[in-house]
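S.K.: what shape does this take:
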Amino acid sequence: MKKHKLVIMTAMLVFLASMLVACNKSSTEIEDKEKESEKEQRVVENRAFETIKGSVEIPAKPMRIVTDFYGGELLSVGANVVGVEPTAFDNPFIKDLLKDAVEIGQPVNVEKVLELEPDLIVVMYDENYKQLSAIAPTLHIPYGTATNIEETVKLFGDITGNYKEAEKFMSKFDQKAKAGREKLSGIIDANATFGIYELTDKNELWIFGDNAGRGGQALYNALELNIPHENKNEEQTLQLSMEVLPEYAADYMFLTTYDPEKKGQALKSLKDSSIWQGLDAMKNNQVFYNDFDTYYRYDPIAIYEQIDLFVNMLIERNKENQTK
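M.R.: Residues are numbered from 1 along each chain as shown. Below is the predicted model:
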C-alpha cells in the first residue's frame, strides 16, 4: 500500500514539474514575442523627416517637444510643448497654453533641454544644433520655410503626426476668416487700402507685407483686404523715410511701435510731424495705434485671433466716424 502511494506521488511530482517547465517555456516565449513586438512597434513609430540638415529620424507621434520660436505653430496642431524660448510667454494668444512649459533661454540652453527629456526638438535657429541632436531628434526649420498659415499648419501637422488636428484648425480658421469678411461687407469700401507700419525706438519706420507678423496674414490673406504700396508685397518689410511715406500711405493705417523701454519719444515725434498729420488716414480718423506684443505675433493661433481684433476695431471706428 505504501509502495503504491509512493508511485502515485512520484508520478504527480513528475507531472507538475513538466507542467512548470512548459509554463516557464510558454511564458518566456510570450515575453520574447512581446519584446520583439515592442521593437517592431518602435521601428514603425519612427520615421524619416527631410530637412536642410538632411534626413532625421523622428517619432511618428512625439509626446514631449522643445522648441525655440515655434511654440504657437506646434500648439496650433495640438502638440505638447514642454520647453520654449522666453518671449513666447509674452504672446497673449498662447501664454495660457504654456502654463506647464519651461523657459529654455535664447540661445537655447542645452542643460535645460536635457532636463526636460524631450523626444523631439524643433528649432528656427541652429546655434546649438549638434548638442541638441545628441539629446533628441532635432529639426532645423529656418524662418520663412512656410509662407502662409496653410503651409505652416500643414508643416507642423506633418512634423507632429497630428494631421487631423491640422485639418481641424484650418477648417476653423477658414470659417473665422469668412465670418470676418461678411461682417466687414458694407462697412468698408471694397477699394480701400490697408497698411501695416511699425515705428522703432530709433525713429525707423517700416511697412510690412502679408507674412512678417504685425497682423499681415489676418488682414491680407484671411480678410482679403487691399495692400497699399506700389510693389504689391514683393518686399515683406521695407524701410520708409518720412518723405516717401505718403506714397506708401493707406486709407486705413495700423501702426505698432517697438519701444522696449517705453520711452514714447519716437511715437510722439511721429504724431507731431506735419507729414503724419497730413495723411488722409489721419484726417479721416482711420489710423490705429496697436500693441506691439499683440500684433508682432505670426503663429497660426495669433493670426486666427487677430482676425476678430481687426474686424472689431474697424467696425467700432466706422461707428465712431458716423456719429461725428
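
S.K.: so where do the strands sit in the chain?
M.R.: Here the chain has its strands, by DSSP state E, at 46-51, 54-59, 65-67, 81-84, 102-103, 120-123, 138-140, 194-200, 205-208, 237-240, 252-258, 287-290.

S.K.: phi, psi for I104 please.
M.R.: The phi and psi values for I104, taken as degrees, to the nearest 10, are phi -110, psi 10.

S.K.: that one touches V84, doesn't it?
M.R.: Yes. If you go by CB atoms under 8 Å, I104 and V84 touch, sitting 6.5 Å apart. Glycine gets a C-beta too; all of them are placed from N, C-alpha and C.

S.K.: okay if I get the strands of the chain as TSV plus mean pLDDT, distance to S171 and mean neighbour count?
M.R.: Putting those into TSV (pLDDT from 0 to 100; distance: least, CB to CB, whole Å; neighbours: other CB atoms under 10 Å) gives the following:
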stretch	mean pLDDT	distance to S171	mean neighbour count
strand 46-51	94	25	13
strand 54-59	96	26	14
strand 65-67	98	23	29
strand 81-84	98	22	24
strand 102-103	97	32	16
strand 120-123	98	24	25
strand 138-140	97	26	22
strand 194-200	96	26	23
strand 205-208	94	27	22
strand 237-240	90	31	15
strand 252-258	96	27	21
strand 287-290	97	28	18
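
S.K.: out of the ones you listed, which gets nearest to Q322?
M.R.: Closest to Q322 of the strands of the chain, according to CB to CB: strand 252-258, at 15.3 Å.

S.K.: so how far is that closest one off the chain centroid?
M.R.: Put simply, strand 252-258 sits 23 Å off its chain's centre (CA atoms, centre = their mean, to the nearest Å).

S.K.: can you list contacts of that strand?
M.R.: By CB atoms under 8 Å, 6 or more residues apart in numbering, the residues outside strand 252-258 that reach it are 188, 192-201, 214-215, 219, 266-267, 279, 281, 286-292, 295-296, 310, 314.

S.K.: change it to 7 Å
M.R.: Strand 252-258 is contacted from outside by 192, 194-201, 214-215, 266-267, 281, 286-290, 292, 295-296, using CB atoms under 7 Å, 6 or more residues apart in numbering.

S.K.: for stretch 126-141, same thing?
M.R.: Residues outside stretch 126-141 that contact it (CB under 7 Å, 6+ apart) are 49, 51-53, 56-58, 70, 107-108, 110, 113-114, 118-124, 159.

S.K.: number of residues surrounding S185?
M.R.: S185: 9 surrounding residues under other CB atoms under 10 Å.

S.K.: how close does it get to L223?
M.R.: 11 Å (CB to CB, to the nearest Å).

S.K.: how about G83?
M.R.: With distances taken as CB to CB, G83 is found 34 Å from L223.

S.K.: likewise for M170?
M.R.: With distances taken as CB to CB, M170 is found 16 Å from L223.

S.K.: all helices of the protein, in order?
M.R.: Using DSSP state H, the helices of the chain run over 2-44, 71-76, 110-116, 129-133, 149-160, 163-184, 216, 245-248, 265-272, 274-277, 280-283, 292-296, 300-322.
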